[in-house]
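Undergrad: just the structure for this:
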Amino acid sequence: MIQDSIKLQIMGIQSWDVAHPERLPLSHQPKLVLAGQCRLLFVSPVKPEGDSVLFYQKILKAMKLELTDTLHITPDLLLSMTGEQVPDWIWFAGDQHAEQRLSQLTQTLALSRVPNKLISPPLVDIDGNDVERRALWNQIRAYG
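TA: You can find the predicted model right below:
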């Protein structure tokens, strides 16, 4: 493993993601410990990039959050969360199993406080779609 890390450094690769983490044995998956400043956990198969980041930032601004207050993870990583730090919000974007994942997370970690949840289509399907934007905004306002 150390040799693989050195090879990656020599090739100029500073960080990397496993393409199929579900194929790794669960005992070897690292636990996800959220930083103290993480107020919103963005759970989506797709990381905001390009125009999606700008749209994402607009939504965050309406929630009085900054990009630095958030963390993106893929849905399969949610259950690796430790529960030491629980964000104020969990936003599921484009995850059809959001309710089940949140329920399983709450039970597994025995959370005393369940984060505010947002469930939406992927960001690219919300941007420019008034119906989806309004639905997302209504979810946000329901907690405010």
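Undergrad: in a helix, V124, correct?
TA: Yes: assignment of V124 by DSSP: H, G, I helix; E, B strand; the rest coil places it within a helix.
Undergrad: let's have the chain start at 99 instead
TA: Taking 99 as the first residue, the last one we looked at is V222.
Undergrad: touching, it and S150? I think so.
TA: Yes: using CB atoms under 8 Å as the test, V222 is close enough to S150 to be in contact (6.0 Å). Every residue, glycine included, has its C-beta placed from N, CA and C.
Undergrad: any common contacting residues for these two?
TA: Common contacts of V222 and S150 (CB atoms under 8 Å, 6 or more residues apart in numbering): V144.
Undergrad: what's the pLDDT at the closest residue to H195 other than its chain neighbours?
TA: Closest residue to H195 apart from its sequence neighbours, by CB to CB, 6 or more residues apart in numbering: P173 at 7.0 Å. If you check P173, the pLDDT there is 94.
Undergrad: lowest average confidence, helix or strand, in this structure?
TA: When the helices and strands of the chain are scored by mean pLDDT, DSSP states H and E, helix 100-108 comes last with a mean of 68.
Undergrad: just to revisit the earlier point, now the residue nearest to H195: phi and psi?
TA: phi -50, psi -40 (degrees, to the nearest 10).
Undergrad: just give me the neighbour total for it.
TA: Applying other CB atoms under 10 Å, we find 17 other residues in the vicinity of P173.
Undergrad: kindly report the same for the one 4 residues further on.
TA: Using other CB under 10 Å as the criterion, L177 is surrounded by 14 other residues.
Undergrad: where in this structure is pLDDT low?
TA: Low-confidence segments of the chain, defined by pLDDT under 70, are located at 99-103, 106, 112-116, 118-127.
Undergrad: does F140 count as helix, strand or coil?
TA: Criterion first, three-state DSSP; result for F140: strand.
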